[in-house]
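>>> Need coordinates for the following:
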Amino acid sequence: MKREELLIVNRDISWLSFNDRVLQEANDSSVPLLERLKFLGIVSSNRDEFFRVRVASIKRMVRLGKKGEELLGEEPINLLDHIQRIIVRQQEEFDDSFQKILSELERKGIFLLNEKQLTKEQGNFVRDYFYESVQPALVPVLLDNLNEFPVLKDRSIYFLVMMQRHGAKSKYALLEIPTEIISRFVVIPKENKYVILLDDVIRYCLDDLFFNFDYDQIGAFTIKITRDAELDLEQDVTKSLVKKVSESIKNRRKGIPTRLVYDEAMPLDALKFLLKKIQLNKEDHPISGGRYHNFVDFIKFPSLNRLELKQKQLLPIPHCDIPSRTSYFKILAKQDLLLTFPYQSYSYLINFLREASIDPKVISISITLYRMANNSRIINALVNAMKNGKKVTAVVELQARFDEEANIRWANKLNEEG
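The predicted structure follows:
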């Protein structure tokens with residue numbers, strides 16, 4: 001019998017196959033429409049992390065040369081080419097899925113409008129909204145005379161604004177779309193079925209923003225940079241881990257770009273200008289896509305009170321061995337308890353900690369914390385236990401990827417409480 005060859009699938013290619021599986025959910029007609037939009041958001045978020053971590057690591061291997069090839073088991077540059085082909089194919093499928101979902105939403109009476117589809121009345125509302133809520137948050141940066149291109153924030157979206165006048169050189173400006181402080185989606189009132197993206201609100205009012213420039217044509221094209229987000233921790237033994245992680249997080253904001261995504265409608269002159277300014281070339285695999293990026297925002301697409309287009313909310317299953325108003329310690333004295341999340345409410349654990357924090361027989365509480373909510377009830381319960389004289393030991397994972405800043409904040413709070 002011939003010896004069978006062992007098929008080894010590269011872990012990064014395998015990870016992309018996993019994201020294909022998420023994309024299948026966005027194409028599944030049995031999934032409610034607004035949930036399918038959420039799956040597109042998850043695909044986008046997953047892909048961002050893939051470029052921030054895995055592609056960033058492979059690019060580091062490229063810079064290591066032969067040693068990088070030995071560590072990876074294959075030539076890093078070939079793996080990057082393979083990844084690029086898959087990403088381009090996935091992007092095409094993603095864009096196609098988005099258009100299909102929009103068509104189905106229209107059949108259900110929900111319309112995502114762009115700036116060219118507004119009626120006069122809708123346009124008046126959008127312009128008023130722009131002046132009242134959007135314009136104060138916009139800071140255009142003129143690029144032509146800048147010696148140094150502004151640092152583009154990781155995962156933020158920008159407009160490259162191109163102003164053209166016949167017989168003259170094009171002028172360019174950079175405009176960050178302020179999605180951190182303004183909702184990405186604007187519901188046009190009265191009929192409650194029309195939605196416009198913040199991107200297109202700004203596009204509709206570009207002339208109002210750049211009225212003092214002399215141009216025949218003006219266009220805004222979305223761009224997005226993804227940066228190397230791997231932490232580079234110094235080996236300095238005199239520094240605490242908290243200090244090392246904090247400094248590395250600051251450096252992450254200026255990490256080497258691992259991906260540029262741009263509007264496929266962007267003119268070639270504008271793309272060449274952009275690539276030159278941010279010092280990227282074709283070998284860095286810029287990716288063309290639709291006019292909208294950062295689809296993670298679509299997880300919060302407004303429901304417009306159309307509950308039938310969302311997944312029915314599942315209620316937590318009550319635990320048969322934990323009746324209300326009963327001491328957890330009395331139950332545990334008789335039997336073990338198994339809690340299964342998310343099928344059962346997380347409140348059981350919170351209530352257990354709360355009871356432990358006031359029980360006179362409890363001397364100490366020890367816990368390991370990996371990721372915590374912004375308003376963590378776990379933290380509140382631990383602080384309450386400390387105030388009640390319990391010895392509390394919390395091991396906080398400072399290097400929980402992309403939650404490092406939050407965990408350092410929580411660790412400092414716990415330290416302050418003793």
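>>> would residue 162 count as being in a strand?
Yes - counting by DSSP: H, G, I helix; E, B strand; the rest coil, residue 162 is found in a strand.
>>> count of neighbours near it?
Using other Cβ atoms under 10 Å, residue 162 has 21 neighbouring residues. Yep, even glycine has a C-beta here, placed from its N, CA and C like the rest.
>>> my read: it touches residue 169, true?
No - judged on Cβ atoms under 8 Å, residue 162 makes no contact with residue 169 at a distance of 11.2 Å.
>>> Helix, strand, or coil at residue 389?
At residue 389 the chain is in coil, as set by three-state DSSP.
>>> isn't residue 300 right up against residue 184?
Yes - with contacts counted by Cβ under 8 Å, residue 300 reaches residue 184, the gap being 7.3 Å.
>>> Same drill for these two, tell me which one is more crowded.
Set residue 300 next to residue 184 and count neighbours by other Cβ under 10 Å: residue 184 wins out with 22 against 13.
>>> What sits closest to the more buried one if chain neighbours are left out?
What sits nearest to residue 184 in space, not counting adjacent residues and going by Cβ to Cβ, 6 or more residues apart in numbering, is residue 297, at 4.1 Å.
>>> how about the helices in the stretch 1-150 of the chain?
Using DSSP state H, counting those that start in this stretch, the helices found in the stretch 1-150 of the chain span residues 11-27, 33-49, 56-64, 66-72, 76-107, 120-129.
>>> To residue 215, which of these lies closest?
Nearest to residue 215, of all the helices of the stretch 1-150 of the chain, is helix 120-129, at 19.7 Å by Cβ to Cβ.
>>> quick one on the thing from earlier: from the helices of the stretch 1-150 of the chain, which stretch is densest packed?
Of all the helices of the stretch 1-150 of the chain, helix 33-49 carries the top mean neighbour count, a mean of 21, counting by mean count of other Cβ atoms under 10 Å.
>>> looking at this structure, which helix or strand is least sure?
Ranked by mean pLDDT, DSSP states H and E, the weakest helix or strand in the chain is helix 241-252, scoring a mean of 58.
>>> Past that helix, which element shows up next along the chain?
strand 257-263 (DSSP states H and E).
>>> Does anything pack onto the next helix or strand after that following strand? Which helices or strands?
Next helix or strand after strand 257-263 toward the C-terminus (DSSP H and E): helix 268-277. Contacts defined by 3 or more Cβ pairs under 8 Å, 6 or more residues apart in numbering; DSSP states H and E place helix 268-277 against strand 157-164, strand 257-263.
>>> Mean pLDDT and distance to residue 373 added to those, as JSON lines?
As requested, these are exported to JSON lines (pLDDT from 0 to 100; distance: least, Cβ to Cβ, whole Å):
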{"stretch": "strand 157-164", "mean pLDDT": "91", "distance to residue 373": "26"}
{"stretch": "strand 257-263", "mean pLDDT": "85", "distance to residue 373": "29"}
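>>> Of all those, which one is nearest residue 28?
Nearest of these to residue 28, taken as Cβ to Cβ: strand 257-263 at 25.3 Å.
>>> how many degrees apart are the closest one and helix 33-49 in direction?
When axes from the mean of the first three to the mean of the last three Cα atoms, to 10 degrees is applied, the directions of strand 257-263 and helix 33-49 differ by 140 degrees.
>>> got the contact list for residue 59?
76, 80, 228, 256, 258 (Cβ atoms under 8 Å, 6 or more residues apart in numbering).
>>> Go ahead and confirm the last one touches residue 280.
I take that to be residue 258. No - if you go by Cβ under 8 Å, residue 258 and residue 280 don't touch, sitting 10.2 Å apart.
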